[in-house]
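Trainee: Model the following, please.
(chains A, B, C, D, E and F)
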Protein chains: 4
Amino acid sequence: MKREKDPEKENRLLESAFKLFTEKGIKETSIQGIVDESNVAKGTFYLYFKDKYELRDILIEKKSKKLFNDAVCELRKNYIKSLDDQIIFIVNYIINVLSKNTVLLKFISKNLSWGVFSQTVTKLYQKSESEDDGFYQLFLKGVHEQNIKLKNPEVTLYMIIELVSSTCFNSIMYNEPLPIEEYKPFLYDTIRKLMHE
Amino acid sequence: MKREKDPEKENRLLESAFKLFTEKGIKETSIQGIVDESNVAKGTFYLYFKDKYELRDILIEKKSKKLFNDAVCELRKNYIKSLDDQIIFIVNYIINVLSKNTVLLKFISKNLSWGVFSQTVTKLYQKSESEDDGFYQLFLKGVHEQNIKLKNPEVTLYMIIELVSSTCFNSIMYNEPLPIEEYKPFLYDTIRKLMHE
Amino acid sequence: MKREKDPEKENRLLESAFKLFTEKGIKETSIQGIVDESNVAKGTFYLYFKDKYELRDILIEKKSKKLFNDAVCELRKNYIKSLDDQIIFIVNYIINVLSKNTVLLKFISKNLSWGVFSQTVTKLYQKSESEDDGFYQLFLKGVHEQNIKLKNPEVTLYMIIELVSSTCFNSIMYNEPLPIEEYKPFLYDTIRKLMHE
Amino acid sequence: MKREKDPEKENRLLESAFKLFTEKGIKETSIQGIVDESNVAKGTFYLYFKDKYELRDILIEKKSKKLFNDAVCELRKNYIKSLDDQIIFIVNYIINVLSKNTVLLKFISKNLSWGVFSQTVTKLYQKSESEDDGFYQLFLKGVHEQNIKLKNPEVTLYMIIELVSSTCFNSIMYNEPLPIEEYKPFLYDTIRKLMHE
DNA sequence: TATGAATGAGGGTTCATTCAT
DNA sequence: GATGAATGAACCCTCATTCAT
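Mentor: Numbering: from 1, shown residues only, chains lettered A, B, ... in the order given. Have a look, this model is predicted:
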């Protein structure tokens, strides 16, 4: 009887926007540009999204959810005991993904600022249903169970996330001040230090 | 007969733009807005700058130059010996300035991203004329003279700068995850650790 | 097999449109709005009407037919002899209906302009099937039978209709220059004068 | 030094809008249409007017001011004593102008509704500086000085204005129910009657 | 018959940039 | 050098209308 909203079209809009946000940033990306890239009429955009900011938020949630889910999922398969190693495993996993997928890296750096990104992720995993499957929870629980002495575990996690975020972008994108693979030892060393005051 | 470019006018344009960029961001600031604020005609803008992006870049250079110059200048007056203490002195100085001058902080966060900022600063002080008066030089020279053992001093400096940058904004602006004064001990502790692998 | 046009649906469309035209005027009313209000799909609209202007015209005819029919019908029940009194009875009846039903009044004023309205009404009753049951006929026949001396009865009727129309809207809606009840004596007085040159 | 706003351009915008408002009404007239007709860039419109409604209001004031000024001015030249004759002189003057200038007549009928028009005019002449040169004042003063017995002179004036307005449009434009010249006797007769209850 | 997704023309508005004065 | 009127491209958004289902 009636035509259904086309998920193919929605996806094309999302991916085109993703691409353009990545290349130029949100402010510089016009809806006209997005629909052109998607081979979709202008009016159609408004059938799926209120404006480009709604689209961005959907994109952020979608992309970061996947990234962190994959990381934690992979961790599960490896039965790593030590919290240090767990954290470094996750960081390493994410760095590897972003190294191969620099479009995603650019999207995150251009549109989220790592600040917003980590905020989103944190929020995402704070409200996780079962009590022990979030990144945030995983960290706090690990600190407690493995008897790690930290004055303020939350601040430590904050510093780790921010250090990784801000530091890795240049390294991956421009090999500055070092290529990422050479930088990793310094980074993981520092993470271990931060976790043992 | 020919009048020279009026430095008074140029300065008014710079400061008005600084104010508006800070309040609304670059994209949202119109040239009309800048010239209105400066009591200058629209056409005049183009006698001084190619467009608002050039103006922004000049502003970045000017503001960060001043910030770092002031910090190093103040350091000189205090005859601090240890490199750890020197670095922390400078970091502390800048944090204090930005805490009091959140307009400047916002400008940096809205228009630069800390990444661009530190890049600028680094560049600024790499090419510093006299060989020993830049922040960068100061650090490398200090490491050498005080016999500090670092595998790669440049990377250490990079990590320090990025950690400070990314970490302090939320703390100053939103007291998250801690107010800046409470966060400082954690931060300075970590800096010392980074300098003694 | 083929289903007929659903009069229920048509009516819902008419009444929804009536409501919206009244509230916002024609130009500001969208077809989307009409079908939403009617719980009908957008495409369905075009099965019943060419566009919203056709719908409006149907609405005009329908609403004004009813108004005048009711007035004349009520007159019949009251066995009033004198033509003056008959005309004033009808005018008074319509004023009373519109005073209580300002939605209808607004619809007429927003979408018809009183000019179109009276034109419609006049047309409506000129072509009335049986020769003596229209307002127009009623007036002309009355003038003849009751031996009223008028140079041009048609012009007199025209002046009465226009005077009433243009004059009563402000009075009912805004009490300007007088509330309708206070204005009535002036109006009916003038009507009587017009009918006795 | 600087270019001046071009009154020629403003006038072209006003007159083009006047023409289009007349032909299609305000709602149906687009700014695009106005600037096309004026051979002016779209942006230029906003240099002169906030939107088309501001333009309309300026047009109303301008056109009606002129019309009434001319009428009263002409009246002055003719030393007519009796108020009846004065009022009829002005009405006649305006009818004659509008008969020759049906574009103006259409503009008034399409965009103002005679209601708004008379309101404007009334306002215009109520606030007239010198105490006796407005139409409104002229009427009230005349009633008083010439000892004309009216229960409520304001209402009488209202009825006259509305009767003339609503009645003459059809007559001028469509010769319905009579050509204007043939209608005048009926109209002026009625005006005299209204002024002598 | 009925649906509502899709379309794209068209409207209002802003603004960087040019250029006559 | 300085001005600000003029331009027109580009943006966002709405909506009548079509048409596959």
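Trainee: can we go C-alpha only for contacts and neighbour counts from here?
Mentor: Fine.
Trainee: Might you report the residue contacts of the residue in chain A that chain B sits nearest to?
Mentor: Of the residues in chain A, the one nearest chain B is residue A:163, at a distance of 5.1 Å by C-alpha to the nearest C-alpha. Contacts were defined as C-alpha atoms under 8 Å, 6 or more residues apart in numbering or on different chains; by that measure residue A:163 touches B:159, B:162, B:163, B:166, B:167.
Trainee: And the last one, what's its pLDDT?
Mentor: What that stands for is residue B:167. Per-residue pLDDT puts residue B:167 at 89.
Trainee: residues in contact with residue A:173?
Mentor: Residue A:173 sits in contact with residue A:102, where contact means C-alpha under 8 Å, 6+ apart.
Trainee: Where does pLDDT dip in chain A?
Mentor: Scanning chain A for pLDDT under 70 picks out the ranges A:1-3, A:110-134.
Trainee: and it, which of its residues are near chain B?
Mentor: By C-alpha under 8 Å from any C-alpha of the partner chain, the part of chain A that sits against chain B consists of A:27, A:113, A:115, A:154-155, A:158-159, A:162-163, A:166-167, A:177-178, A:190, A:193-194.
Trainee: Out of those residues, which is nearest to DNA strand F?
Mentor: When the residues of chain A next to chain B are ranked by distance to DNA strand F (C-alpha to the nearest atom of the strand), residue A:27 comes first, at 7.8 Å.
Trainee: Check whether the spatially most central residue of chain A sits in a helix, strand or coil.
Mentor: When chain A is reduced to its mean C-alpha position, the closest residue under C-alpha atoms, centre = their mean turns out to be residue A:64, at 4.0 Å. Taking DSSP: H, G, I helix; E, B strand; the rest coil as the rule, one finds residue A:64 in the helix state.
Trainee: Dump the strand or helix carrying residue A:156 to CSV, restricted to CA.
Mentor: Assigned by DSSP states H and E, residue A:156 belongs to helix A:153-174. The C-alpha trace of helix A:153-174 is given here as CSV (Å, rounded to 0.1, in the frame of the first residue of the first chain):
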residue,chain,number,x,y,z
PRO,A,153,40.9,6.8,40.2
GLU,A,154,38.5,9.0,38.3
VAL,A,155,41.2,11.7,37.7
THR,A,156,43.7,9.1,36.7
LEU,A,157,41.3,7.7,34.1
TYR,A,158,40.6,11.2,32.9
MET,A,159,44.3,11.9,32.5
ILE,A,160,44.9,8.7,30.6
ILE,A,161,42.1,9.3,28.2
GLU,A,162,43.1,12.9,27.5
LEU,A,163,46.8,12.0,27.1
VAL,A,164,46.0,9.3,24.6
SER,A,165,43.5,11.4,22.7
SER,A,166,45.5,14.5,22.3
THR,A,167,48.8,12.8,21.8
CYS,A,168,48.0,10.2,19.2
PHE,A,169,46.3,12.3,16.6
ASN,A,170,49.5,14.0,15.4
SER,A,171,51.4,10.9,15.7
ILE,A,172,49.0,8.9,13.5
MET,A,173,48.3,11.6,11.0
TYR,A,174,51.6,13.3,10.6
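Trainee: At which residues are the helices of chain A located?
Mentor: A:7-24, A:31-38, A:42-48, A:52-76, A:83-100, A:102-107, A:113-126, A:135-145, A:153-174, A:180-194 (DSSP state H).
Trainee: burial count for the nearest residue to residue A:142 once chain neighbours are set aside?
Mentor: Distances taken as C-alpha to C-alpha, 6 or more residues apart in numbering or on different chains put residue A:83 closest to residue A:142, at 5.9 Å, once the chain neighbours are dropped. For residue A:83, the neighbour count with other C-alpha atoms under 10 Å in any protein chain shown is 20.
Trainee: again, but for residue A:192
Mentor: 16.
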